[in-house]
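Visitor: got a sequence here, can you build the structure:
(one chain, ligands or ions: 1)
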Amino acid sequence: MSAVVIDGRAVAAEVRERVAHEVRELAAADHGRVPGLATVLVGDDPASEVYVANKRKGTEEVGMHSIHHGLGASATEPELVDLVADLNADDEVDGILVQLPLPEQIDQDAVIAAIDPAKDVDGLTVGSAGLLAQGRPGLVPCTPQGVMELLAHAGADPDGAEAVVVGRSILVGRPLASLLLNANATVTVCHSRTADLAAVCRRADILVAAVGSPRLVRADWVKPRAAVIDVGMNRTDDGLVGDVDFAAVSEVAGAITPVPGGVGPMTIAMLLQNTVRAARGRRA
Ligand code: NAP
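Guide: Residues are numbered from 1 along each chain as shown. Modelled structure (predicted):
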């Protein structure tokens, strides 16, 4: 294996330590008041329950206040929008996280639109997306921000680099493309209609796969010494695997993230960082 394996768990631990320090600073400056993150879970999907439990645990571990609201699977859109309005008005709440997906009777976009942009720690409102697209300061979606942190840690500087992002979702691909562009990379975004995906990927100094297709990216798609970030999380008979053929690509790339233990641990760490940023912004 020639590639350096980027240890997402270690980088996430560094971010959490940094956040814990900032929480202590904020508390010292404001009569012991710590930032608060509100989580909202609708229904009883086991995977979502685990995600929310991990977010709450992470929140408390860095010394922040976790406020949780669980609604039944039959909750209505107005009920949820009202709850979000209450959280917007609650001064103890600095960040609001509505766990997705929502049950089908609820319009996800309407609920996200109800979140105060100043508390939008998932970075999913149209306002946050617009600020990011214009290269202006705002709250940025957690997973793409985690990818940027891993690239920095690996010494893969986007400035002047060819970056290829495979995937154009609102959650990952699009915001990541904006972050890379804002960091002066030359960015290409690929998707299911891209002609000759392999040839486009081979141009990349920085290659990010955010597709949801097990081991899609093969060794002969990768430029020698490229930094390869694998966002994919696919449950297969072999367990959890990414969108990159890790064993083969490791022989070609300069740096690579594993799955699990790469991008995954970064997402919660960046959520905590966003919550502290939101708290700072609201107290400024
Ligand atoms: P998504 O909304 O399903 O988007 C997938 C994207 O991949 C779409 O843009 C799609 O193109 C593109 N695509 C699908 N098949 C393709 C192909 N054969 N060639 C090229 N592009 C293709 O997924 P997502 O939410 O962005 O998530 C992507 C992956 O990341 C999933 O495995 C997810 O579980 C994982 N993920 C991980 C984390 C984490 O914390 N590690 C967080 C979020 C997501 P079209 O637009 O043309 O359909």
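
Visitor: and the closest residue to Arg225 other than its chain neighbours, what does it touch?
Guide: Spatial nearest neighbour of Arg225, excluding adjacent residues (Cβ to Cβ, 6 or more residues apart in numbering): Gly254 at 3.7 Å. C-beta coordinates here come from the backbone N, C-alpha and C atoms, glycine included. Gly254 sits next to 2-4, 156, 224-227 when contact means Cβ atoms under 8 Å, 6 or more residues apart in numbering.

Visitor: in these, find the pair that's most separated.
Guide: Ser2 and Ala156 (15.3 Å; Cβ to Cβ).

Visitor: contact residues of the chain facing the ligand?
Guide: By Cβ under 6 Å from any ligand atom, the residues of the chain that approach the ligand are 143, 166-169, 171-173, 190-194, 197, 210-213, 231-234, 263-264, 267.

Visitor: would you list the buried entries among the residues you listed?
Guide: Of the members of the residues of the chain next to the ligand, the ones counted as buried by neighbours, 16 or more other Cβ atoms under 10 Å, are 143, 166-169, 171-173, 190, 194, 197, 210-211, 231-234, 263-264, 267.

Visitor: now, the residues you listed that are in helices?
Guide: Per DSSP state H, helices hold the following members of those: 143, 173, 197, 264, 267.

Visitor: how much space separates the first one from Ala198?
Guide: The reference is to Thr143. 24 Å (Cβ to Cβ, to the nearest Å).

Visitor: ranges for the helices of this protein?
Guide: Under DSSP H, the chain gives helices at 8-29, 46-61, 77-89, 108-113, 126-133, 142-153, 173-182, 197-201, 246-249, 264-283.

Visitor: what average pLDDT does the last one get?
Guide: Taken as a whole, helix 264-283 carries a mean pLDDT of 96.

Visitor: chain center to it, what's the gap?
Guide: 11 Å (Cα atoms, centre = their mean, to the nearest Å).

Visitor: if I take it and helix 126-133, what angle do their directions form?
Guide: 100 degrees (axes from the mean of the first three to the mean of the last three Cα atoms, to 10 degrees).

Visitor: can you pull the contacts of whichever residue of the stretch 1-150 of the chain sits closest to the ligand?
Guide: When scored by Cβ to the nearest ligand atom, the stretch 1-150 of the chain has Thr143 as its residue closest to the ligand, at 4.1 Å. Thr143 makes contacts with 171-172, 176, 210, 231, 263, 266-267, 270, as judged by Cβ under 8 Å, 6+ apart.

Visitor: what do you get for Asp220?
Guide: Contacts of Asp220 by Cβ under 8 Å, 6+ apart are 198, 202.

Visitor: that'll do, ta.
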